[in-house]
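Enquirer: What follows is a predicted structure for the sequence shown.
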Amino acid sequence: MQPFPSIVGVAYAPPWDMRNRGSRDSSRHDKLVQDAIRKNLREIIAQENIIQSDGVRRITIPIRYLEQYRFKIGSPQPGAGQGPGKVGDILWQPGQSQPGAGDEPGNQPGEHGYDVEVDLDAVTRIMLEDFALPWLEDKPGAKQLVSESYEFRNRRKHGMPGNLDKRRTLRENALRNAAKKQAGVHDLGDADLRYRVAEVTQEYRTQAAVYLLMDRSGSMTTDKKYIAKAVSFWLVRFLRLKYERTELTFIAHDTKAEIVTEQDFFGQGEGGGTVCSSALTVALQEMTQRHPSARWNIYLWHFTDGDNDYSDNGVYAARMADLLQECTMCAFAEIRWEHAAVVPSRLLQALAQTPHPRLVTAVLRQKEDIHAALKAFLGAEVGLKS
């Protein structure tokens, strides 16, 4: 009887690139999501369901599905060729569309995609990653203590037994013995002991106060009011994500202005006439009492359609000049709907007569202008103006 053959077990180790395939696929997916957000940014930030949410909504973004590389049987699709090719060869005509596109039905598969859910904070970070409050100054007395922490950075020869640094102690003993040409760790003495010393680290941050003013008069239609709320919504999310020590003040006005809560600011209706200077007056009184310019960086945004009482335009321009003496920046956003006149309103013309380097103006005519307005207010080039 012949003996059974010996069985040898061989451990299979997959290639290194296969081991990292999961992390590579995850990184590629994250990059696809970020690219999709940047590509559809103007449409995403203008979605009405986001503005009307409670701020914790997750939104869906379409992403093109990527298949794995594989050989396919059949003739090459339009746009592909064989051979080296020559300069000037036409691989694809602009008039050629995707299969199934156009008036006639198609019989070829097209590009497939899927929707992915993204947290609203992630969209905000990508959208506003290059934005910042312009002209943010480090004013004397403007810093506020945020936190204190203790860190062990230094070492000393004397200290409490509980703070003994054993590793540093052994190292000092080894160095001392090596200097005596007696390598090794032995004969520990008081000269080798090293103790950790705690140091207090204080974190300070510059204080900033932001005033958001909105026109709620009868001329502010639903579309105009939506654009004003959309820009304000993204401003608030940007400030709370990037600047923790920021105080927000919401002011609504028609012929009279008042300080309102954030919920009332975004949920208010429209009605009445328009006296825009009333909002600036309330803002100036509030910042004088609560946010003195010597200690605070003050920013003000005013959203209106410019349909102001004619006799108030000069008063508004004078009040804005007073605010510019206190504020780090003032922004004026005029909302004109698509069919409105191209000529600037008389209110905006009154502001143009007294220009100021830190008075930023923007005109919004449609929902797609929301991102352009945010860039005009918070873009890197804003702070470069003298």
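Expert: Perfect, thanks for sending it.
Enquirer: can you list the weak-confidence ranges in the stretch 251-386 of the chain?
Expert: 338-342, 380-386 (pLDDT under 70).
Enquirer: Can you show me the strands along the stretch 151-300 of the chain?
Expert: Here the stretch 151-300 of the chain has its strands, by DSSP state E, counting those that start in this stretch, at 195-206, 208-215, 246-253, 257-260, 297-304.
Enquirer: Throw the ones you listed into JSON lines and include mean neighbour count and distance to R336, thanks.
Expert: Glycine gets a C-beta too; all of them are placed from N, C-alpha and C. What follows is those, written out as JSON lines (neighbours: other CB atoms under 10 Å; distance: least, CB to CB, whole Å):
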{"stretch": "strand 195-206", "mean neighbour count": "14", "distance to R336": "35"}
{"stretch": "strand 208-215", "mean neighbour count": "24", "distance to R336": "13"}
{"stretch": "strand 246-253", "mean neighbour count": "20", "distance to R336": "19"}
{"stretch": "strand 257-260", "mean neighbour count": "17", "distance to R336": "22"}
{"stretch": "strand 297-304", "mean neighbour count": "25", "distance to R336": "11"}
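Enquirer: export the ones you listed to a markdown table and tack on distance to K180?
Expert: Formatted as a markdown table, these follow (distance: least, CB to CB, whole Å):
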| stretch | distance to K180 |
| --- | --- |
| strand 195-206 | 24 |
| strand 208-215 | 61 |
| strand 246-253 | 61 |
| strand 257-260 | 76 |
| strand 297-304 | 61 |
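Enquirer: Point out the other helices and strands that the helix ranked longest in the chain packs with.
Expert: For the chain, the helix with the greatest residue count under DSSP state H is helix 222-242. Helix 222-242 sits against helix 48-51, helix 120-127, strand 208-215, strand 246-253, helix 262-267, strand 297-304, strand 329-335, helix 370-378, with contacts defined as 3 or more CB pairs under 8 Å, 6 or more residues apart in numbering; DSSP states H and E.
Enquirer: tally of neighbours for G306?
Expert: Neighbourhood size, G306 [other CB atoms under 10 Å]: 24.
Enquirer: same check, this time on the one 5 residues further on
Expert: Using other CB under 10 Å, S311 has 8 neighbouring residues.
Enquirer: List the residues that contact the residue lying closest to G184 once chain neighbours are set aside.
Expert: Leaving out its chain neighbours, the residue that sits closest to G184 by CB to CB, 6 or more residues apart in numbering is N177, at 5.9 Å. The contact partners of N177, by CB atoms under 8 Å, 6 or more residues apart in numbering, come to 183-187.
Enquirer: before we move on, what about H291?
Expert: By CB under 8 Å, 6+ apart, the residues touching H291 are 209, 247, 298.
Enquirer: what does L324 give?
Expert: Applying CB under 8 Å, 6+ apart, the residues contacting L324 are 330, 356, 358-359.
Enquirer: Just the ones in strands from the residues you listed, please.
Expert: By the criterion of DSSP state E, membership of these in strands covers 330, 359.
Enquirer: Could you provide the contacts of L324 in CSV, with additional columns for neighbour count?
Expert: Output for the contacts of L324, formatted as CSV (neighbours: other CB atoms under 10 Å):
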residue, neighbour count
C330, 24
H356, 14
R358, 17
L359, 19
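Enquirer: so how many other residues sit close to the closest residue to I126 other than its chain neighbours?
Expert: Distances taken as CB to CB, 6+ apart place I37 nearest to I126, at 5.0 Å, with adjacent residues excluded. Residues within reach of I37, counting by other CB under 10 Å, total 20.
Enquirer: pretty sure I37 contacts D119?
Expert: No - using CB atoms under 8 Å, I37 is not in contact with D119, being 11.2 Å away.
Enquirer: how about the closest residue to K225 other than its chain neighbours, phi and psi?
Expert: In space, and not counting its chain neighbours, K225 is closest to E270: 6.2 Å by CB to CB, 6+ apart. Dihedral pair for E270: phi -120, psi 160, per degrees, to the nearest 10.
Enquirer: For E270, give me its contacts.
Expert: Listed by CB under 8 Å, 6+ apart, the contact partners of E270 are 216-221, 225.
Enquirer: okay, the residues you listed in a markdown table with distance to H302, neighbour count and pLDDT next?
Expert: Formatted as a markdown table, the contacts of E270 follow (distance: CB to CB, whole Å; neighbours: other CB atoms under 10 Å; pLDDT from 0 to 100):
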| residue | distance to H302 | neighbour count | pLDDT |
| --- | --- | --- | --- |
| R216 | 12 | 23 | 92 |
| S217 | 13 | 20 | 91 |
| G218 | 18 | 13 | 88 |
| S219 | 15 | 16 | 88 |
| M220 | 13 | 25 | 90 |
| T221 | 18 | 12 | 88 |
| K225 | 14 | 20 | 89 |
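Enquirer: mind putting these in TSV, distance to D30 included?
Expert: Formatted as TSV, the contacts of E270 follow (distance: CB to CB, whole Å):
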residue	distance to D30
R216	41
S217	45
G218	47
S219	45
M220	40
T221	40
K225	36
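Enquirer: Which one of these is nearest to Q263?
Expert: Taking CB to CB as the measure, Q263 sits nearest to R216 out of the contacts of E270, at 14.2 Å.
Enquirer: Can you give me the separation between the closest one and A317?
Expert: According to CB to CB, to the nearest Å, R216 stands 21 Å off from A317.
Enquirer: follow-up on the earlier one: for the contacts of E270, which one is nearest D307?
Expert: For the contacts of E270, the nearest to D307 is S219 (4.2 Å; CB to CB).
Enquirer: didn't that closest one look like it was pressed against G306?
Expert: No - the criterion here is CB under 8 Å, and S219 misses it with G306 at 9.0 Å.
Enquirer: which residue packs closest to H302, ignoring adjacent ones?
Expert: Per CB to CB, 6+ apart, closest to H302 is L213, 4.3 Å.
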